[in-house]
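A.B. asks: sequence and predicted structure are below.
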Amino acid sequence: MATGTLTLPLMTGDGTATAVVSLLDDEYARTILVCTHADAMSAEELSEACDAAPSTVYSRLERLHEHDLVTERQAIDPGGHHYKTYRARLDRVTIDLTDEGLIIEVERVSRDPADRFTGLVEGLRR
Amino acid sequence: MTPASLGTGMHAARPLQFSVTGGSVAVVVLALLGGALSAILGGMVAYRAYRGYRRTGDRRLLALGAGIFLLATGSIALQARISVETPTGGVRLAIPGRIVPFLVTGIELIGLGCILWAIYSRPGSRRAPLAKGVGALVGVVVLVARARSFDVPLWIATMPLVTALVGSFVAYQAYRGYRRNGSRAMLFIGIGVFLLAIASFVGTSPVILLHDLSDGLALLAAFALRNVGSIALLYALTRA
């Protein structure tokens, strides 16, 4: 699994890890992640699931995609039109308070089945 | 030629003589070796998968373990029941033994389906992914067909080819994992899965397509491939 680790001295620092944490503070972002954990969903479906306006969903999706927490895929509806579906990539966020400061680790599910395969085999070897 | 017999009771019409020509003794030796390798590999992977599942709670580890287990031990059915009889002029499989390779293929296909599910399913996914369903379904169909009839219709005869193709795909993903992550274990997983997946195809095609080719040779090749494949998997899980 891809890990992005950032060490933050005393809670200040550049954007990524803090952005992820503050993004998770947003209830719509959390709902989107939960809904798309098992199944890919379109923006329209998410709008219904979140009970929110499409614009709200789109803005959250953009921020989530920006931090690589969701993957985007093209799908085709029965009418032959392309639309985008989204799937959560976030697996785990770990926040450790240490002598070096706050360490925030963001773990994402591997996109590539070969990497997932490798991870599983490592699990058998341990 | 001295008949070499490996049945459920290990009965032999005559004791094995080492002056035998043809593939008889070699087949039996490889079969015994293969049985031992399959048992070791199956036991090890089952134990590791269970231990890993207890440690991480990840069901995909169980699925991968089950898949490798089936792939490795499916051929025990072949090795335990094969009976090689010799009319004049060649080595032929007895009629029940003729079906067994397809039984083995069915089990291997289910195993490959489990591996595909482990690779392609997402942690926490509740939907039954297509890959495992297809592999399992095909495997079950083969098993049912075997139970109902001793004939080998052509569509069942294509099963070893399907297994070879699906296994090649899994081996390809393992190879990609090796290239992307520098994991030698994945290289040997790929080699092992590939060899085990094509063994059935090598062992059965001549039987179906070229009736005058010696069945013994195909059997020998299949056992050899399986043994090397099992060794590769053992190496991947331990020392690679």
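C.D. replies: Yep, that arrived.
A.B. asks: please count neighbours and contacts with C-alpha atoms only from this point.
C.D. replies: Will do.
A.B. asks: need the helices for the chain, in chain order.
C.D. replies: You didn't pick a chain, so chain A it is. For chain A, the helices defined by DSSP state H cover A:15-23, A:27-35, A:43-50, A:54-66, A:113-125.
A.B. asks: that answer is for a different chain, and I need it for chain B
C.D. replies: Going by DSSP H, chain B shows helices at B:24-56, B:59-73, B:76-81, B:95-120, B:130-148, B:154-157, B:159-181, B:184-209, B:215-238.
A.B. asks: who are the packing partners of the longest one?
C.D. replies: This means helix B:24-56. Under the contact criterion of 3 or more CA pairs under 8 Å, 6 or more residues apart in numbering or on different chains; DSSP states H and E, helix B:24-56 touches helix A:113-125, helix B:59-73, helix B:76-81, helix B:215-238.
A.B. asks: try it again at 10 Å.
C.D. replies: Secondary-structure packing of helix B:24-56 (3 or more CA pairs under 10 Å, 6 or more residues apart in numbering or on different chains; DSSP states H and E): helix A:113-125, helix B:59-73, helix B:76-81, strand B:84-85, helix B:215-238.
A.B. asks: next, format those as a markdown table and append mean neighbour count, mean pLDDT and distance to A:Arg73.
C.D. replies: Shown next, in a markdown table, are those (neighbours: other CA atoms under 10 Å in any protein chain shown; pLDDT from 0 to 100; distance: least, CA to CA, whole Å):
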| stretch | mean neighbour count | mean pLDDT | distance to A:Arg73 |
| --- | --- | --- | --- |
| helix A:113-125 | 22 | 90 | 16 |
| helix B:59-73 | 26 | 93 | 24 |
| helix B:76-81 | 19 | 59 | 43 |
| strand B:84-85 | 18 | 40 | 55 |
| helix B:215-238 | 22 | 87 | 34 |
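A.B. asks: enumerate every residue touching the closest residue to A:Arg125 other than its chain neighbours.
C.D. replies: Of all residues not flanking A:Arg125 in the chain, B:Leu237 sits nearest, at 5.4 Å (CA to CA, 6 or more residues apart in numbering or on different chains). Residues near B:Leu237 by CA atoms under 10 Å, 6 or more residues apart in numbering or on different chains: A:121-126, B:41, B:44-45, B:48, B:185-186, B:188-189, B:231.
A.B. asks: cool, A:Ala43 as well?
C.D. replies: Contacts of A:Ala43 (CA under 10 Å, 6+ apart): A:Ile32, A:Ala49, A:Pro54, A:Ser55, A:Val57, A:Tyr58, A:Leu61, A:Tyr83, A:Lys84, A:Thr85, A:Tyr86.
A.B. asks: among those, the buried ones, what's the PyMOL command?
C.D. replies: The buried subset of the contacts of A:Ala43, as determined by 16 or more other CA atoms under 10 Å in any protein chain shown, is captured in PyMOL by this line:
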select buried, chain A and resi 32+54+57+61+85+86
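A.B. asks: which secondary element of chain B has the worst mean pLDDT?
C.D. replies: Ranked by mean pLDDT, DSSP states H and E, the weakest helix or strand in chain B is strand B:84-85, scoring a mean of 40.
A.B. asks: now chain A
C.D. replies: Result, chain A / mean pLDDT, DSSP H and E: strand A:2-8, a mean of 39.
A.B. asks: quick revisit: CSV please, covering the helices and strands packed on helix B:24-56 and showing distance to B:Gly35.
C.D. replies: Shown next, in CSV, are those (distance: least, CA to CA, whole Å):
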stretch, distance to B:Gly35
helix A:113-125, 22
helix B:59-73, 8
helix B:76-81, 6
strand B:84-85, 17
helix B:215-238, 9
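A.B. asks: model confidence score at the residue of chain A most remote from its centre, please.
C.D. replies: Using CA atoms, centre = their mean, the residue of chain A lying farthest from its centre is A:Gly79. It sits 29.6 Å away. pLDDT, A:Gly79: 87.
A.B. asks: quick one, phi psi at it?
C.D. replies: phi -80, psi 0 (degrees, to the nearest 10).
A.B. asks: quick one: which of the helices and strands packed on helix B:24-56 is nearest A:Val106?
C.D. replies: Comparison of these against A:Val106 by CA to CA identifies helix A:113-125 as nearest, at 16.9 Å.
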